[in-house]
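Engineer: fold the stuff below for me.
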Amino acid sequence: MKPFLLAILAAMCVTTCACSGSSPAAAQPTHTATVTAHPPASTPAPAPTPSSASGSPAAATCLTRDLTAAAGSPQGSAAGLEIVITFKNLGKAACTLDGYPGVAQAAGTPATDIGQPATEHPTPRTLVTLPPDGVASAMLRIADSAHYPDGTCKPVKATSLKVIPPNQKAALNVSFGSTACKGNVKLLSVTTVQQGSAG
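Structural biologist: Model (predicted):
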């Protein structure tokens, strides 16, 4: 009985070894799969920052400290005088002027206002950009004080003009002799600033 069992076991071992040595799976060729990676959907580019956006940033308002003012030669008429007030940008960067300057006749040191400040003479309002050394101007009209009765106008000699650039508070003192009126008479009127010099 034992020899018979040993023969069966030996036969099983031979069969098992033969199967493991010649596995059909081992004889099959190896297949290589190629995987193509697809890029993710494109995302929109970030919006440009203000520093990289096209165009230059808007120029700042001209400050009184960066400007000079001068009075041109007066032009006489039956109604009085017309004088061009010129502003010049002394700064190192461009700046803007927009609207009406403030103007008053003055005298003394320090200059003290005489009478009423200039009223606004209706003119088109435009934003004026002044590059360094650029100029802009406004027209000042001074009515003839002789056209007013003594009871309304008390004539006073003015030696200067106090000129306040548009949208500023500090004044520039411009040497200019004229006759002012103490009281409520409004002798002065001024236009908006315009590009360049009208004089």
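
Engineer: what segments of the chain are helices?
Structural biologist: 2-21, 24-27 (DSSP state H).

Engineer: any idea how many residues pack against Val163?
Structural biologist: 29 (other Cβ atoms under 10 Å). Backbone N, C-alpha and C define where each C-beta goes, glycine included.

Engineer: need the contact list for it.
Structural biologist: Ala69, Ile85, Pro101, Gly102, Val103, Ala171, Leu172, Asn173, Val174 (Cβ atoms under 8 Å, 6 or more residues apart in numbering).

Engineer: of the residues you listed, just say which sits nearest to Arg125.
Structural biologist: Pro101 (12.3 Å; Cβ to Cβ).

Engineer: show me where the chain has strands.
Structural biologist: For the chain, the strands defined by DSSP state E cover 60-61, 67-71, 75-77, 80-89, 95-98, 102-107, 112-114, 119-120, 127-130, 135-143, 154-164, 172-182, 188-190, 194-195.

Engineer: let's have those in a markdown table, adding mean pLDDT.
Structural biologist: As requested, these are exported to a markdown table (pLDDT from 0 to 100):
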| stretch | mean pLDDT |
| --- | --- |
| strand 60-61 | 96 |
| strand 67-71 | 98 |
| strand 75-77 | 89 |
| strand 80-89 | 97 |
| strand 95-98 | 98 |
| strand 102-107 | 98 |
| strand 112-114 | 95 |
| strand 119-120 | 96 |
| strand 127-130 | 97 |
| strand 135-143 | 97 |
| strand 154-164 | 96 |
| strand 172-182 | 96 |
| strand 188-190 | 97 |
| strand 194-195 | 96 |
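
Engineer: surely Leu127 meets Ala94?
Structural biologist: No: with contact defined as Cβ atoms under 8 Å, Leu127 does not count as touching Ala94 (11.8 Å).

Engineer: the more surrounded of these two?
Structural biologist: Ala94 (16 against 13).

Engineer: so what pLDDT did that one get?
Structural biologist: As predicted, Ala94 sits at a pLDDT of 97.

Engineer: please name the nearest non-neighbouring residue to it.
Structural biologist: Ala59 (4.3 Å; Cβ to Cβ, 6 or more residues apart in numbering).

Engineer: what residues are up against that neighbour?
Structural biologist: Ala59 neighbours (Cβ under 8 Å, 6+ apart): Ala93, Ala94, Cys95, Thr96, Thr129.

Engineer: tell me what the fourth one is bridged to.
Structural biologist: To tie it back to what came earlier, the one meant is Thr96. Using DSSP bridges, the bridge partners assigned to Thr96 are Thr61, Thr129.

Engineer: next, count neighbours for it.
Structural biologist: 18.

Engineer: pull up the gap between the residue nearest to Ala94 and Ala180, please.
Structural biologist: 35 Å (Cβ to Cβ, to the nearest Å).

Engineer: ditto for Leu97
Structural biologist: 26 Å.

Engineer: can you check Lys88 too?
Structural biologist: Distance from Lys88 to Ala180, counting by Cβ to Cβ: 26 Å.
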